[in-house]
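Asker: model this:
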Amino acid sequence: MSVILLLFILCFTGSVAIVQNPIRPYDMSSILPDDEELSEMINFMKMVEGLSKEFNQKQAASFPKGIQQASVPSDGSFAFPPNCTSYGRPEQYSYCFHGKLNESEKTTVEATMEFFDSGNPNKSTLVGVDAVYDDKKKLKSLDARAGGEAQLVYFGNKTVKATIAMATYIEPDDSSSSYELGTPRDVPLVAQLIFGVSVMKYGPFLVPVKAQTSKVFAHNSYHLGFNISSTLETIEYRVKFGVTFSLSFKTVKNDLREWKLLGQAEVFSILPVLNYKVSYPFKFIESDISLKPIR
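Answerer: The predicted structure is shown next:
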C-alpha cells in the first residue's frame with residue numbers, strides 16, 4: 001500500500017475507527033515519505049480538493065434561490081417543500097420542514113426538520129423543536145424530538161468516495177428540573193455522526209463520532225432552533241488530518257415565520273514538513289424558508 005493511501009485511510013480511522021482489519025503501525029523508517037511520495041501526497045490531496053470544489057459547485061447550484069415559501073393552510077400547519085410529509089423524500093429536496101404554529105394568548109410552535117437519506121428516500125433522521133411562549137414572548141416550555149438515521153453527504157469518484165451520515169435520538173432523562181418563566185433553555189439530544197471513506201479498493205472505513213454540540217434551544221422573543229457540530233482531528237506520521245461538521249436551523253431575527261437552514265463540512269490536511277495545507281470546505285444544505293401566508 002502506498003504511503004498516500006495509508007495516510008488518507010488513517011485520517012478517517014485512527015484509534016476510533018470501526019474496521020474489519022485494523023491497520024497496524026508500520027516501522028517508521030519504512031513509511032516516512034520521500035520526495036516522490038510527498039509529491040504523490042500533494043497531487044492526491046489536490047485531486048480530492050478538486051472533487052470537493054466540484055461537489056460544492058453542484059450543491060450550490062441545486063440550492064433553492066431566495067426565500068422559499070412554505071405551504072401554510074388556515075389551520076396553522078406548515079410544510080416546505082409545500083405539502084411534504086415525513087413519509088418519503090420530496091422530489092428535488094433532501095429535507096422536509098413541517099409542523100404547526102398557533103399564535104393566540106400563548107404561542108405554541110411545533111417545528112420538525114427531517115433529513116432524508118441520499119440513497120434511500122424512505123430513510124430519514126429528524127430534529128424537532130416544541131416551544132410555548134406567553135403573550136409577552138417569554139418562554140414557558142421547551143421539548144425536543146429526535147430519531148432515525150440518514151446519509152446526508154455523498155461525493156467522490158472511482159478513486160475516492162466520502163460520506164457523512166447522522167443518527168439522532170433523545171437520551172432518557174429521569175431528572176426533574178423546574179424553570180422560571182422566561183429562562184432560556186437548552187435541551188440536549190444525541191447526534192451520532194458517521195464519517196466514511198473509500199480509497200481505491202480499500203474501505204469503506206467508518207468512523208463514528210458523537211457530536212460535541214447537539215442541542216435544541218429556545219430563548220425569549222422567539223429565538224429558537226437547534227445546533228449540531230463536531231470536529232475530529234488526528235496526527236498520523238507527521239501529517240495532520242481533520243474534519244469539521246456543523247448543521248443548524250433557527251429563526252431569523254426572532255421571527256417564528258422566518259427560518260434559516262445551513263449545513264457545512266470541511267476536510268483538511270497539513271504537511272508540516274512542507275508547511276503545506278489543503279482544505280476542502282463545502283456546504284451540503286442551505287435554505288431560507290418563510291411561513292408567511294402569500295397575499
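Asker: Give the pairing partners of the host helix or strand of F249; include direction for each.
Answerer: Remark: F249 resides in strand 239-252, with elements defined by DSSP states H and E. Using DSSP bridges, strand 239-252 pairs in its sheet with strand 223-236 (antiparallel), strand 255-271 (antiparallel).
Asker: Any idea what the residue most central in space within the chain is bridged to?
Answerer: Closest residue to the average C-alpha location of the chain: L247 at 4.2 Å, with C-alpha atoms, centre = their mean. On the basis of DSSP bridges, L247 is bridged to I228, G263.
Asker: what's the pLDDT at it?
Answerer: Note on L247: pLDDT of 97.
Asker: And the one 4 residues further on, by the same measure?
Answerer: Per-residue confidence for T251 comes out at a pLDDT of 97.
Asker: Run through the stretch 1-150 of the chain and note the low-pLDDT ranges.
Answerer: 1-38, 40-42, 44-45, 48, 56, 59-60, 62 (pLDDT under 70).
Asker: wait, what's in contact with the nearest residue to W259 once chain neighbours are set aside?
Answerer: Using C-beta to C-beta, 6 or more residues apart in numbering and skipping residues adjacent in sequence, the residue nearest W259 is I289, 4.7 Å away. For every residue, glycine as well, the C-beta is placed using N, CA and C. Neighbouring residues of I289 by C-beta atoms under 8 Å, 6 or more residues apart in numbering: 67-68, 70, 80, 97, 258-261.
Asker: Kindly report the same for V129.
Answerer: 109-112, 142-145, 216, 218, 224-226.
Asker: so the nearest residue to S214 once chain neighbours are set aside bridges to which residues?
Answerer: Spatial nearest neighbour of S214, chain neighbours left out: A191 (3.9 Å); criterion: C-beta to C-beta, 6+ apart. Here A191 sits in beta bridges with T168, going by DSSP bridges.
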